[in-house]
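Engineer: predicted coordinates and the sequence they were generated for:
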Amino acid sequence: AADKINLIPQDFFAELCEQIIQHLNHKIPGVNTAELCHRLQTSGIEVNIGDLAEITNIVSFLFSTAARNSLSTEDLVAALSSAASTLPKHAVQVVRHVWNEQGRSVSVPEDAGNVAPVGQFVDMKWKLGVAMSSDTCRSLKYPYVTVTLTVADPSGQITNKSFEMTVPQFKNFFRQFKEMAAVLETV
């Protein structure tokens, strides 16, 4: 991972670290690695989304472990320096700065290891479409609903999940949401 981190400029790595801290503090739902990857590629840095997601997971684990163990900035930097594959110097400087500025604000519940990690809903978009024809049928006029869910996985990486439903499937989906809303009203 150290060689992958070495590809990322210091300012981008600092932004990534700050987003991870914000995610760990539940201030943002996750880290938008796709958007950050696009910005890196636009600026001429060759990095793929998988590598950036791996770096995000590693740094998130690093910060959450440091918080769980109540590490000081010096202890964290010492632990990083003694690691088998040391981080690039600029990355250690960024981690030191971000942890020194915001590390105390990260709180990890003591029972966090006993809870199954789940994603977090970020956004939902939908659109109604009509399939007019296909290669086997000239006149379909078949309505459908396309739904795109934006979800942050437990590590904070934001992904989109899209699916299509027929109108009867959408009505069932809507009915289930109404049932959930009704149950929530009783709480």
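Structural biologist: Yep, it's here.

Engineer: what does the pLDDT read for the residue of the chain most remote from its centre?
Structural biologist: Note on the chain: the largest C-alpha distance from the chain mean falls to Arg138, namely 42.6 Å (Cα atoms, centre = their mean). At Arg138 the predicted local confidence, pLDDT, stands at 71.

Engineer: pull the contacting residues for the residue positioned nearest the centre of the chain.
Structural biologist: Relative to the mean C-alpha position of the chain, the nearest C-alpha, by Cα atoms, centre = their mean, is the one of Gln157, at 1.7 Å. Residues in contact with Gln157 (Cβ atoms under 8 Å, 6 or more residues apart in numbering) are Gly30, Val31, Thr33, Ala53, Thr56, Asn57. All C-beta spots, glycine's among them, are computed from the backbone N, C-alpha and C.

Engineer: which of these fall within strands?
Structural biologist: Judged by DSSP state E, the subset of those located in strands is empty.

Engineer: looking at these, state which has the most neighbours.
Structural biologist: In terms of neighbours by other Cβ atoms under 10 Å, those top out with Val31 at 28 neighbours.

Engineer: quick check: that one vs Ser82, distance?
Structural biologist: In this structure, Val31 and Ser82 are separated by 27 Å, where distance is defined by Cβ to Cβ, to the nearest Å.
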